[in-house]
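[1] Structure, please.
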Amino acid sequence: FTRTAVGADGKVSQSAQVLPGDLAELDTGVDVTGVFDAQETWQWIDPADPTRTEDRMGRLHLYVSGMEQPGEDASGFSAIQQGSGTLSAGRGTAGGSTGYYLPGSLESLRVWTGAMNSDQIRYKVLDSPDSM
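    Numbering: from 1, shown residues only. Modelled structure (predicted):
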């Protein structure tokens, strides 16, 4: 799950991503929910120099079958981001070239306004209060 920030020149200036912990089982359906919470702030600590920190804006969360995947400390931006680009599902774009196609099929896609927490995902997205 990736979100990018584009500079004035139209090129990607920053990106944030959350990688899933385990690979999904083949030949079976899986519910994947990605959340970008633009209002969530957090502090990044440089792994090479723990005295160097930076305040980051927004955070990505990835849920696979209702379980939140452990996040990386690379999931935020150094400035507030307002989305204005194209939403892509099942593919990605890098360096002006589209690729990184999903090795499977996408059965359905729903887009919600606003960031949801794990309880909201369980009740609204998965429609199963006992799924977590």
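[2] ok, Ala115 - how many residues close by?
    Ala115 has 16 neighbours, counted by other C-beta atoms under 10 Å. The C-beta positions use only the backbone N, C-alpha and C, and glycine is treated the same way.
[3] Show me where the chain has its strands.
    Listed in chain order, the strands of the chain (DSSP state E) span 2-6, 12-17, 32-45, 53-64, 67-68, 92-94, 97-99.
[4] show me where pLDDT drops low in this structure?
    Along the chain, segments meeting pLDDT under 70 span 1-2, 5-7, 10, 12-25, 71-85, 93-96, 128-132.
[5] can we see that at 80?
    Across the chain, the ranges flagged by pLDDT under 80 are 1-30, 38, 42, 44, 56-59, 65-67, 69-106, 125-132.
[6] between the strands of the chain, which one is nearest to Ser105?
    In terms of C-beta to C-beta, the element of the strands of the chain nearest to Ser105 is strand 32-45, at 12.7 Å.
[7] Now do that closest one and strand 53-64, the angle between them.
    Computed by axes from the mean of the first three to the mean of the last three C-alpha atoms, to 10 degrees, the angle separating strand 32-45 from strand 53-64 equals 160 degrees.
[8] one step back: would you mind putting the strands of the chain into a markdown table with distance to Leu126 alongside?
    Below are those laid out as a markdown table (distance: least, C-beta to C-beta, whole Å):
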| stretch | distance to Leu126 |
| --- | --- |
| strand 2-6 | 22 |
| strand 12-17 | 23 |
| strand 32-45 | 8 |
| strand 53-64 | 9 |
| strand 67-68 | 11 |
| strand 92-94 | 25 |
| strand 97-99 | 30 |
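[9] Looking at these, spot the one closest to Val125.
    Of all those, strand 32-45 comes closest under C-beta to C-beta, at 5.5 Å.
[10] What about Ala48, how many residues nearby?
    Neighbours of Ala48 using other C-beta under 10 Å come to 6.
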